[in-house]
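K.L.:
Using only what follows, build the 3D model:
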Amino acid sequence: MKHFLLLIGFLVFATSIIAQTDEVQIKNTVLNYINGTSYNRAKLIEKAFYDDANLYLENKNSSLWIVPAKEYISWYKNKKEGEFTGRIGNIISIDNFKNIATAKAEIIIPEKGQRYIDLFLLKKIERKWKIISKSAGGEESNLNGDRILFIVSNAHFYGNSKLPTGNSFSEIVNAYNTFANAGYTVDFVSPNGGSIPLGYISTSDTLQKKYLYNHDFMYALKNTKNPKEIIAKNYKAVHYVGGGSAMYGVPENKDIQKISMTIYEEYNGIISSVCHGTAGITNLKTKDGNYLYKNKIVNGYPDSFEKKEAEYFKHFPFLIQKTIEERGGIFKFSPRNSSHVEVQGNLITGQNYLSSRDVALKIIENLSNRKKVN
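P.N.:
Residues are numbered from 1 along each chain as shown. Sure, this is the predicted structure:
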């Protein structure tokens, strides 16, 4: 019986590994298509498609325009290889079962104010994933190609306890929605990558309900990026999300610290946080060795608002306000249940979930003012 259970466990583990590998391969196939069409790399596009694949498109003359993959690839062969075409692509979701899969990608062309959704059907042929068909639809869009990086945690519990916690869903969606409406693309990164725990969810809240049942949005939270995948220069700002999870894994993560400070110091990017997300900035240091917030006003969830008699509080690794003040920061806050945002140049911090939208608006204002100057 023992050996039987071990065999079952091994098979489950092996199946999981294979599934992960397939998803990575599918992702790489779609990325070949995206990168090929974005930079006139016909060989990458050719690598993505099955030889006899078709693209089901539309043009001015027909609502169904069938283009063989070979013809489609030829459109890119006579152009300057490596030259940016104005297309910015992003994989939205992947769904696979055994040897078949579907994938969805968003393609935006900011200069033309256009957004396309590409739907792919893929099949594993001779151990290689190939696109066997693609269809696309387009619309006018305000997406500008600028990206914001949301930093979230993988911690499911308060420290080593069994007390469940999560990333604040309300903080995520309020900020995310604000950025999306302003034309920004949001990516998620966590210390380990992959799925994250969510907390403070209310389906009575219209906005939360909208995103909770949005497959593409939830796919992004289930498949957050690993820090190793992040290219700092691609982002205009980082945003540390709150919730109890924010106290664990994120503040001490060296890779995430490096990403944030590279964006801040090398690319004039913004570092922002809200509520317990401010824990994520406590260890950030500038190149001169000073803490990021030294002599600056910082906001977040105040220590005095914590329930010190509660079990969860016993597992806190540190106190946000106390740590910031001891390290030279100035911590200011407002009464409970009120929005409070502090702006110190490229450091923008907020007090609670009510501040999430306001923090996002301040970031957008900062970035918009730069464009006016340029």
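K.L.:
Tell me how many other residues surround residue 183.
P.N.:
16 (other C-beta atoms under 10 Å). Glycine gets a C-beta too; all of them are placed from N, C-alpha and C.
K.L.:
Ignore what I typed, I meant residue 307.
P.N.:
Neighbour number of residue 307 under other C-beta under 10 Å is 8.
K.L.:
Got phi/psi on the residue lying closest to it once chain neighbours are set aside?
P.N.:
Nearest-residue entry for residue 307: residue 313, 6.1 Å, with adjacent residues in sequence omitted and distances by C-beta to C-beta, 6 or more residues apart in numbering. Phi and psi for residue 313, reported as degrees, to the nearest 10, are phi -60, psi -30.
K.L.:
roughly how far apart are residue 313 and residue 320?
P.N.:
Applying C-beta to C-beta, to the nearest Å, the value for residue 313 to residue 320 is 12 Å.
K.L.:
of these two, who's got more company?
P.N.:
Between residue 313 and residue 320, counted using other C-beta under 10 Å, the more crowded position is residue 320 (28 against 13).
K.L.:
How about the contacts made by that one?
P.N.:
Residue 320 sits next to 276, 278-279, 282, 300-301, 303 when contact means C-beta atoms under 8 Å, 6 or more residues apart in numbering.
K.L.:
And it, what's its pLDDT?
P.N.:
Looking at residue 320, its pLDDT is 98.
K.L.:
Check what contacts stretch 303-318 and list those residues.
P.N.:
With contacts defined as C-beta under 8 Å, 6+ apart, stretch 303-318 is touched by 158-161, 163, 165, 244, 247-248, 251, 279, 282, 319-322, 336.
K.L.:
With only the CA atoms kept, save that stretch in PDB.
P.N.:
Output of stretch 303-318 as PDB, limited to C-alpha atoms (Å, rounded to 0.1, in the frame of the first residue of the first chain):
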ATOM      1  CA  ASP A 303       1.100  50.800  14.000                       C
ATOM      2  CA  SER A 304      -1.500  52.300  16.400                       C
ATOM      3  CA  PHE A 305      -4.300  50.900  14.100                       C
ATOM      4  CA  GLU A 306      -3.100  47.300  14.600                       C
ATOM      5  CA  LYS A 307      -5.000  45.100  17.000                       C
ATOM      6  CA  LYS A 308      -2.100  44.400  19.400                       C
ATOM      7  CA  GLU A 309      -4.100  41.800  21.400                       C
ATOM      8  CA  ALA A 310      -5.000  39.800  18.300                       C
ATOM      9  CA  GLU A 311      -3.200  36.600  17.400                       C
ATOM     10  CA  TYR A 312      -2.000  37.800  14.000                       C
ATOM     11  CA  PHE A 313      -0.100  40.700  15.500                       C
ATOM     12  CA  LYS A 314       2.200  38.200  17.400                       C
ATOM     13  CA  HIS A 315       3.600  37.000  14.100                       C
ATOM     14  CA  PHE A 316       4.500  40.400  12.600                       C
ATOM     15  CA  PRO A 317       8.200  40.400  11.700                       C
ATOM     16  CA  PHE A 318       8.400  44.100  12.300                       C
END
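K.L.:
PyMOL command for the buried members of the contacts of residue 320?
P.N.:
If you want just the buried ones from these in PyMOL, going by 16 or more other C-beta atoms under 10 Å, the selection is:
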select buried, resi 276+278+279+282+300+301+303
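K.L.:
In JSON lines, list the contacts of residue 320 along with pLDDT, distance to residue 201 and secondary structure.
P.N.:
Conversion of the contacts of residue 320 to JSON lines gives the following (pLDDT from 0 to 100; distance: C-beta to C-beta, whole Å; DSSP: H, G, I helix; E, B strand; the rest coil):
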{"residue": "276", "pLDDT": "98", "distance to residue 201": "16", "secondary structure": "helix"}
{"residue": "278", "pLDDT": "98", "distance to residue 201": "22", "secondary structure": "helix"}
{"residue": "279", "pLDDT": "98", "distance to residue 201": "21", "secondary structure": "helix"}
{"residue": "282", "pLDDT": "98", "distance to residue 201": "27", "secondary structure": "coil"}
{"residue": "300", "pLDDT": "98", "distance to residue 201": "22", "secondary structure": "coil"}
{"residue": "301", "pLDDT": "98", "distance to residue 201": "19", "secondary structure": "coil"}
{"residue": "303", "pLDDT": "97", "distance to residue 201": "26", "secondary structure": "helix"}
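K.L.:
Looking at the contacts of residue 320, which is nearest residue 240?
P.N.:
For the contacts of residue 320, the closest approach to residue 240 (C-beta to C-beta) belongs to residue 278, at 6.9 Å.
K.L.:
hang on, that closest one packs against residue 293?
P.N.:
No - between residue 278 and residue 293 there is no contact under C-beta atoms under 8 Å: 9.2 Å.
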